[in-house]
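J.: missing the sequence, but the structure's below:
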């Protein structure tokens, strides 16, 4: 049977991880892999997560399966964190998923059950796994303009024009904050314009929120979701706890569906749980239980917000630090876009040939599009990094 298979194309980012690991140079820098790192270059377990895990280990009495929807306390806490009172809870269905990727895949399955010919509009560019994950599930993908590589700016007018050409019932995939890979987000006023077009064209917003808290803070980063929820009859929201809780390998996420009314909610609830049963049956418990403990304990929640703020401030600071170093090392080049990006990712703005030279000559690793993870920048490596970039320009 398997002799008919052809080798799958290697994942670019996973390939970079292997190359970086094998590189013997002590000065090598990894700007490719999508995880948060502190100034020591480590991806730490949050202190508040350690506290919650200690409590969980001391109180948990069973490892029996949880239901297809996951931990009810976790789901309720995440739903409140994202929506608060923006919309009536009797229109919302929230389930726990194995990370944000599974949330997206379950959403795709639900959309295809609702409409086998569903069309999903994604930004150009978008997260590199959106297309294989959602298109591979069977959704018909179209793109709307988003990022202008020449000016390092958001193409909001072009985006709105494209969405005005969408067919009623089409689904628009939107990044709530910290757009991956560009790092550029719409302003609140632009989000209002986007929402108006979605309402006007009767589109279904599908919001991917993998970086809640990493752009401007929790209250600001949920603006798009809450504003859209107040305007539309239906929407989907995927969340991930990988970045903001540091629970990458524990695979913790949610899918929330906003239904038109309570009766529709009941139907959606049955269908989404039915789909989960045929896919992975039940989600893992540990990471979600930890998040539930944190969000439902006022003291631990406050400690989490403090740690989240520290991570966000570091990311913002590293973009500014690299910009300052490049002003010194490459004074004839404009890297001011590094000051405007939000979250972990942005485009450096060099060519694929220059990306390859950075890897071969200097041990600086990034994907071919020049998307970088600013968490890989530290005060200890920024001068070397800036000098390396200047050398290839």
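T.: That came through, no problem. Just so we're clear, the structure is a prediction, and the values are computed from it rather than from any experiment.
J.: show me what the host helix or strand of residue 273 packs onto, helices and strands only.
T.: Per DSSP states H and E: residue 273 is located in helix 262-279. Helix 262-279 is packed against strand 92-97, helix 99-114, strand 253-258, with contacts defined by 3 or more C-beta pairs under 8 Å, 6 or more residues apart in numbering; DSSP states H and E. Bear in mind the C-beta positions are built from the backbone N, C-alpha and C, glycine included.
J.: let me have those in TSV, adding mean pLDDT, mean neighbour count and distance to residue 363 as columns.
T.: Shown next, in TSV, are these (pLDDT from 0 to 100; neighbours: other C-beta atoms under 10 Å; distance: least, C-beta to C-beta, whole Å):
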stretch	mean pLDDT	mean neighbour count	distance to residue 363
strand 92-97	98	26	37
helix 99-114	98	22	30
strand 253-258	98	26	34
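J.: save these as CSV, and put in distance to residue 126 too.
T.: Converted to CSV, those look like this (distance: least, C-beta to C-beta, whole Å):
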stretch, distance to residue 126
strand 92-97, 19
helix 99-114, 11
strand 253-258, 18
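J.: out of those, nearest to residue 13?
T.: Closest approach to residue 13 among the helices and strands packed on helix 262-279 (C-beta to C-beta): helix 99-114, 13.5 Å.
J.: how far off helix 262-279 does that closest one point, in degrees?
T.: With axes from the mean of the first three to the mean of the last three C-alpha atoms, to 10 degrees defining the directions, helix 99-114 sits at 110 degrees from helix 262-279.
J.: after helix 99-114, which helix or strand is next? Please name it.
T.: Next along from helix 99-114, by DSSP H and E: strand 119-124.
J.: could I get the buried residue list for that next one?
T.: 119-123 (16 or more other C-beta atoms under 10 Å).
J.: that one - which strands sit beside it in the sheet, and in what orientation?
T.: strand 140-145 (parallel), strand 171-175 (parallel) (DSSP bridges).
J.: just say which of these is most tucked in.
T.: strand 171-175 (a mean of 26; mean count of other C-beta atoms under 10 Å).
J.: hmm, who's touching that strand?
T.: 111, 118-123, 126-127, 130, 134, 139, 144, 163, 166, 185, 194, 198, 203-209, 224, 236 (C-beta atoms under 8 Å, 6 or more residues apart in numbering).
J.: show the average pLDDT along it.
T.: For strand 171-175, the mean per-residue pLDDT is 98.
J.: centre of the chain to that strand, how far?
T.: 12 Å (C-alpha atoms, centre = their mean, to the nearest Å).
J.: and the furthest pair within the buried residues of strand 119-124?
T.: Largest pairwise distance in these, by C-beta to C-beta, is 14.7 Å, between 119 and 123.
J.: for the stretch 1-150 of the chain, which segments count as helices?
T.: 12-22, 47-59, 72-83, 99-114, 130 (DSSP state H, counting those that start in this stretch).
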